[in-house]
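Asks: please work out how this folds:
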Amino acid sequence: MTSQPMVADQETRTPTPSAWWARLPWLRIGIVLAAVVAAIVLAYLRSGSTVVVTQAVVTGILIGGVYGLVAMGLTLIFGVLDIVNFAHGSFLAIALFLSYYLVAGMGMHPYLALLIVLPAMFLLGALVQRFVLAGAMGKPLENQLLITLGISLVIENSLLLFFGANPRSVSLPGDQGVAILGAVAELSRILAFVGALVLAGLLFLLLRRTSLGTAIRAVAANDAGAQMVGIDTRWIYMLTFAIGTACAGAAGVLVAPLVTIEPVTGALFNIIAFVVVVLGGMGNVVGALLGGLVVGLAEQLGALLLPGQSPLLVVFIVFVLVLLLRPQGLFGRSGS
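Replies: Modelled structure (predicted):
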């Protein structure tokens, strides 16, 4: 009878390596920064050009901020609804085509399209959760996976049917190169990065400083307990999925001037978003933003370290290493 408390007391006094690792988040951040610095040094030794390495770092940070925004919506949905949303990238593709139509068809400024695309994607997300996913809540995981995968296929094939397979593009008026620390970055990339940080900051404030955010965090922590204190979890589920979908829509508008717009464009962002979410910690919104920066840097520096290979090769190497060493993600909490 007395042995169990003694074990608990012993574990408290001498933490396991995983518990020790979990209690030192700044140490983990320091290790990540050290790994980034090491990668930068290796990239310089490989290329022999400071300008090339600086260009890769600047580009990686800028695109990493957008990756973080895409992943924040995905990890928010998982953290609250406990659903792995395979349709997240397809929602981003819808936003890309909406942005293209507003710019090419109506002459709207690419970033002013946010004023229309954000509410539209929020409404679409609410409708999908209310009328499609609500019935899958509490059901086996494979049911939810198949439903979101089916939604993704329907969206991609609908876009292909209505818009065709011809690639499209959106141009930003006045887009030009801007000098940053000796590198040159397109104005569109800088604006996309700044926009992603602003929207990520607004989402963080929503979750931390509003009653809605408190309710969302309560449902994410314990939905049964949230119901006991009077929170309508069905309403929170719908709003959370809508907010996550709006994040994908916002990312779609921000990257529209940077990518080729096709029905399958969202699939690549979907893969990257899942990698970012796992690296940052499933359900960790701040971790998603930090994970996005890590992936962006790994992608760009990987192109220098392994020329001739896919830039995503280094990303997946990092992904596998994190899964082996810390399955809960770089910034996720330990389950112990």
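Asks: now do the SS call for Val294.
Replies: Secondary structure assignment for Val294 (DSSP: H, G, I helix; E, B strand; the rest coil): helix.
Asks: cool, and the one 3 residues further on?
Replies: Assigned by three-state DSSP, the conformation of Leu297 is helix.
Asks: ok, the closest residue in space to it that isn't next to it in sequence - contacts?
Replies: In space, and not counting its chain neighbours, Leu297 is closest to Gly60: 3.9 Å by CB to CB, 6 or more residues apart in numbering. No exception for glycine: its C-beta is placed from N, CA and C like everyone else's. Residues near Gly60 by CB atoms under 8 Å, 6 or more residues apart in numbering: 293, 296-301.
Asks: tell me the phi and psi of Gly60?
Replies: phi -60, psi -40 (degrees, to the nearest 10).
Asks: can you tell me how far it is from Gly281?
Replies: To Gly281, Gly60 is 21 Å away according to CB to CB, to the nearest Å.
Asks: can you check Val37 too?
Replies: Going from Val37 to Gly281 by CB to CB gives 22 Å.
Asks: neighbour-wise, which of these two wins?
Replies: Gly281 (22 against 10; other CB atoms under 10 Å).
Asks: doesn't Pro327 make contact with the more buried one?
Replies: No. Gly281 lies out of contact with Pro327 (CB atoms under 8 Å); the separation is 10.2 Å.
Asks: alpha carbons of stretch 60-75, in PDB - could you do that?
Replies: Provided in PDB are the C-alpha atoms of stretch 60-75 (Å, rounded to 0.1, in the frame of the first residue of the first chain):
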ATOM      1  CA  GLY A  60      13.300  30.300 -45.200                       C
ATOM      2  CA  ILE A  61      12.200  32.600 -42.400                       C
ATOM      3  CA  LEU A  62       9.700  34.500 -44.700                       C
ATOM      4  CA  ILE A  63       8.100  31.300 -46.100                       C
ATOM      5  CA  GLY A  64       8.200  29.700 -42.600                       C
ATOM      6  CA  GLY A  65       5.900  32.300 -41.200                       C
ATOM      7  CA  VAL A  66       3.300  31.400 -43.800                       C
ATOM      8  CA  TYR A  67       3.800  27.700 -43.100                       C
ATOM      9  CA  GLY A  68       3.200  28.500 -39.400                       C
ATOM     10  CA  LEU A  69      -0.100  30.200 -40.200                       C
ATOM     11  CA  VAL A  70      -1.300  27.200 -42.200                       C
ATOM     12  CA  ALA A  71      -0.300  24.800 -39.400                       C
ATOM     13  CA  MET A  72      -1.900  27.000 -36.700                       C
ATOM     14  CA  GLY A  73      -5.300  26.400 -38.100                       C
ATOM     15  CA  LEU A  74      -4.700  22.700 -38.500                       C
ATOM     16  CA  THR A  75      -3.300  22.200 -34.900                       C
END
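Asks: appreciated, that's everything.
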